[in-house]
Each structure stands twice: as C-alpha cells, then as structure tokens.
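Colleague: here is the input, now give the coordinates:
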Amino acid sequence: MAKFAKWIGGGLAWALTGGSPIGAMIGFAIGSAIDNARVDTNNSGKQTGRHQTQAGDFGVSLLILSAAVMKADGKILKSELTYVKEFFNKQFGFAKTTEFMRILKGVLEQDINLKDICGQIRFNMQHPMRLQMLHFLFGIAKADGNVDESEVRVIQQIAAYLGIRESDFESIKAMFYKSADSAYKILEITEGDTDYEVKKAYRKMANKFHPDKVSGAGAEVENAAKEKFQMVQEAYETIKKKRGMN
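Modeller: Numbering: from 1, shown residues only. Reported below is the predicted structural model:
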C-alpha cells in the first residue's frame, strides 16, 4: 500500500481507513496494483473522530460518487470520462490522474453502496466541501449535454445521504439547468419574496458558497467554488435588474 499512499500525496487521512466503506471499495478496485490493500494507521483501522479533509480524501471520495452518477443511466460515456479526467488532471497532475482513472475503472465494475459511502464522507467532510462535491457531480451529469433523469435522481439521493438540504440541492441544480426561475432557485427564494428578502438571501448564499470555505482543497476545487460564487452573484444581479432594485 506504500506505493499507493505515495502517489496519492499522503492525503488519505480517513478515506482509506482500514475496514471503512471507501477503503474496502478502493482496495478491491486497485487489486493487483498493490500487494496489500490496507493503510497503516495509528488507530488500527477504527475511526475515533472527525479528521480534516485533505485533497486526497476529496479526490478518492469524489471518484466513487462520480462512478455512481456515470452508471445511473446504464451507460458510461466518453464525455463523462473526459470531464472526470480533466478535473483530476488539473487537481492532482497527470501521474496521479493516471492512477485515479485506473481505479475508476475498477470502481465502475462494482456495486456502490451509496448510503455507507456517503455516511463516511458526511462524518469526515465539512459541509462546504460536500456542497462543492455536489456541484462537480452535476457537471458530470451535464457533460454530454443530455441530462438524464436517472442521473439527477442519483445525485439527489447522494445529497440526502450527505446531509445536504433539499433547498441547497435545488440551488446547485439550478446553476446547471436553466429555467425561468433559476435565479430565484439559486438564491433559495421565490418570486413572491420581497426585495429585502432577496438581499438577505443573497448575503446568506454568498457566505455559504464563498471560495474561502474550501481553501486548501486544491486549485481546481477552489476555482470551481469561485465559479459557483459568481453564479450566485449573477443570479442576484438578474433579479435586481428584473425588479429595478438598487
């Protein structure tokens, strides 16, 4: 396992803890790539408390959830694989991405217990990082330009297991699937809300999706957070213009 831990950059504080759902799935996926699918830990493979999420943890967790979304419609598309590969390449570099894609192939061949996987992620990963993960998954669903309802249902299920509120789910979804009321959905309000409530909602969402919330998670994650933050700002400006707000 030492070789695996080395290329992942030492960022697997909890994702590959012995006996964990994620550890078991990744261990099976890498199979012949390593001699021993265990991580040497001081707690003998038992989780004793929350750990700070590092880039490697985010990447491994995202890899499994990505596979779940890609499998949702019963077909693995090249556009989806390209989307995942480009993200990981920007986040971790070419060498690590090559290994990630090999593992992804193994994960895609397995049945994924979303409840257990998401339970481990929820326990260890802070809420802003989980929101960012959801943002990425919607990007996969839209990678081929054809959104399948089965993919949306899987992402919604993942959101629920990750402890993400329905309103947050709808907000992020609206950033990808435009409709007449998308701007209001992004701010988690309705057209019937007052101007004061619009301003209050904007401040709340701007704080929730501020890039500083995922500081240290890696350049690509931070850039994606900035993009999401900008969408909140654009939604607010759209509503202001429609209403003639100052």
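
Colleague: ok, and the closest non-adjacent residue to Val232?
Modeller: Excluding its sequence neighbours, the residue lying closest to Val232 (CB to CB, 6 or more residues apart in numbering) is Met205, at 4.8 Å. Quick note: C-beta positions are derived from backbone N, CA and C, even for glycine.

Colleague: residues making contact with the helix or strand harbouring that neighbour?
Modeller: Met205 is part of helix 195-208 when elements are defined by DSSP states H and E. Helix 195-208 has contacts (CB atoms under 8 Å, 6 or more residues apart in numbering) with 128, 131, 168, 171, 186-189, 193, 229, 232-233, 236, 239-240, 243, 245.

Colleague: now do stretch 212-224
Modeller: By CB under 8 Å, 6+ apart, stretch 212-224 touches 53, 55, 58, 87, 90-92, 126, 128-129, 132, 135-136, 211, 225.

Colleague: swap the cut-off to 7 Å and go again
Modeller: By CB atoms under 7 Å, 6 or more residues apart in numbering, the surrounding residues in contact with stretch 212-224 are Ala55, Phe58, Phe87, Lys90, Gln91, Pro128, Met129, Gln132, His135, Phe136, Pro211, Ala225.

Colleague: can I get it as CSV, trimmed to CA atoms?
Modeller: Presented in CSV, the C-alpha positions along stretch 212-224 are these (Å, rounded to 0.1, in the frame of the first residue of the first chain):
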residue,chain,number,x,y,z
ASP,A,212,-12.7,30.6,1.3
LYS,A,213,-14.9,27.8,2.6
VAL,A,214,-12.8,25.3,0.6
SER,A,215,-9.5,27.0,1.0
GLY,A,216,-6.7,24.4,0.9
ALA,A,217,-8.7,21.8,-1.0
GLY,A,218,-6.7,22.3,-4.2
ALA,A,219,-6.6,24.8,-7.1
GLU,A,220,-9.3,23.2,-9.2
VAL,A,221,-11.7,22.8,-6.3
GLU,A,222,-11.2,26.4,-5.3
ASN,A,223,-11.7,27.6,-8.9
ALA,A,224,-14.9,25.6,-9.1
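
Colleague: I'd like the average pLDDT over it.
Modeller: In this model, stretch 212-224 has a mean pLDDT of 76.

Colleague: the helix or strand that contains Ser79: what's the following helix or strand?
Modeller: Using DSSP H and E, Ser79 sits within helix 78-92. Going down the chain from helix 78-92, the next helix or strand is helix 94-108, by DSSP H and E.

Colleague: after that next one comes which helix or strand?
Modeller: helix 114-124.

Colleague: tell me how far that following helix lies from the chain's centre.
Modeller: Averaging C-alpha positions (CA atoms, centre = their mean, to the nearest Å) puts helix 114-124 12 Å from its chain's average.

Colleague: list the buried ones in it?
Modeller: Within helix 114-124, the residues that count as buried by 16 or more other CB atoms under 10 Å are Leu114, Ile117, Cys118, Gly119, Gln120, Ile121, Asn124.

Colleague: understood, closing this out.
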